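In: Quick one, structure for this:
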Amino acid sequence: MSNLKVVVITGVSSGIGQVTAEKFAKLGHKVFGTVRNKVKAQPIEAVELVEMDVADEDSVQLGIHSIINKAGHIDILVNNAGASLIGAVEETSIKEAKFLFNTNVFSILCTTQAVLPYMRVQHYGRIINVSSVLGFLPSPYMGLYSATKHAVEGLSESLDHELRQFGIRVSIVQPSFTKTNLDKNAPLASSKIPEYDNERNLATHAILKQIDQAPQPDSVADTIITAALNDWQMRHTPSGQASLLSKLRRFMPSGPVDKSIRKTFGLK
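Out: Got it, this is the predicted structure:
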């Protein structure tokens, strides 16, 4: 196997995806980055942009075919594209919930199913799914987002068992809040229930404060690259808060974890 890989990264128009694409390209890998709209997207040096709507099966198949036609194969798939939402579970419409699951879960299913026939033939591949610390810790007022990330975790672990026989491995990267537009501009559930106003405002304020103090996407991008190129490991948490939370979840009794979550979000 050549040390230089063909890498496909979804959602490179900003944030984690953009920085990850830049870093892979600087290392000399052949990088394709997917964007929803090529005309509006910022060019990234040495990265070829591919127009693709990750929530649309036909668009994904076309995008992956076009990459195969150009590069001949795909070694690494980074499923990074995602959406966020703040609101109580009761306030979240089924339409909003479906949009989140389409963007955060079914998109991974779409892209993975599109690349696997090629990876199986070459008997090699790495799939990196960007999850979140909310994939193992509940977050009040981000219930549906947390649910999508829990789904990503379960899907990834099962997938890794199934694909091992073909020399393909799957890993999860679990960032905490990161200074990105996705986190900063998280939409609020559209039909608000006034009884939740007080706590929702406290939680939203806590979330925005976390994002304000959060690191830039660089360490998440570095973690993705490590997960893709180094010896296989299922879960990767970027250093700092994400690693700390992962240890808390593993080693602390659930009572103190529960208290600490409520304190973080300003809930009584």
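In: How many residues are close by residue 180?
Out: Applying other CB atoms under 10 Å, we find 21 residues neighbouring residue 180. For glycine as for every other residue, the C-beta is placed from the backbone atoms N, C-alpha and C.
In: check contacts around it.
Out: By CB atoms under 8 Å, 6 or more residues apart in numbering, residue 180 lies in contact with 14-16, 217.
In: Same question for residue 74.
Out: Applying CB under 8 Å, 6+ apart, the residues contacting residue 74 are 6-8, 64, 67-68, 115, 118-119, 125.
In: Among these, which lie within helices?
Out: 64, 67-68, 115, 118-119 (DSSP state H).
In: May I ask which two of the residues you listed are separated the most?
Out: 67 and 119 (12.6 Å; CB to CB).
In: buried sites along the longest helix belonging to the chain?
Out: For the chain, the helix with the greatest residue count under DSSP H is helix 143-163. Using 16 or more other CB atoms under 10 Å as the test for burial, helix 143-163 gives 143-153, 155-156, 159-160, 163.
In: and if you look at stretch 260-268?
Out: Going by neighbour count (16+ other CB under 10 Å), the buried part of stretch 260-268 is 261, 264-266.
In: Counting only strands, which of those make the cut?
Out: Of those, none are assigned to strands by DSSP state E.
In: I'd like the residues you listed laid out as TSV, including distance to residue 246 and pLDDT.
Out: Formatted as TSV, those follow (distance: CB to CB, whole Å; pLDDT from 0 to 100):
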residue	distance to residue 246	pLDDT
261	14	92
264	15	90
265	19	91
266	23	90
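In: where along the stretch 101-250 of the chain do the helices fall?
Out: Secondary structure of the stretch 101-250 of the chain (DSSP state H, counting those that start in this stretch): helices located at 107-122, 143-163, 181-184, 197-213, 218-229, 241-251.
In: What mean pLDDT does the fourth one get?
Out: Average pLDDT, helix 197-213: 91.
In: The second one too?
Out: Across helix 143-163, the average pLDDT comes to 98.
In: re the thing from before, buried members of the contacts of residue 180 into ChimeraX, please.
Out: Filtering the contacts of residue 180 down to the buried ones (16+ other CB under 10 Å) takes a single ChimeraX command:
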select :15,16,217
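In: Low-confidence regions, the chain specifically.
Out: 1-2, 182-184 (pLDDT under 70).
In: okay if I get the ones in helices among the contacts of residue 74 as CSV plus distance to residue 29?
Out: Below are these laid out as CSV (distance: CB to CB, whole Å):
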residue, distance to residue 29
64, 17
67, 13
68, 16
115, 16
118, 17
119, 16
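In: and which of those residues is nearest residue 131?
Out: Closest to residue 131, out of all of the ones in helices among the contacts of residue 74 and judged by CB to CB, is residue 115, at 18.6 Å.
In: what about the closest one, how many residues close to it?
Out: 24.
In: show me what contacts it?
Out: Going by CB under 8 Å, 6+ apart, residue 115 touches 8, 64, 74, 77, 125, 127.
In: can I get those residues in a markdown table with distance to residue 139?
Out: Output for the contacts of residue 115, formatted as a markdown table (distance: CB to CB, whole Å):
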| residue | distance to residue 139 |
| --- | --- |
| 8 | 29 |
| 64 | 32 |
| 74 | 33 |
| 77 | 27 |
| 125 | 32 |
| 127 | 25 |
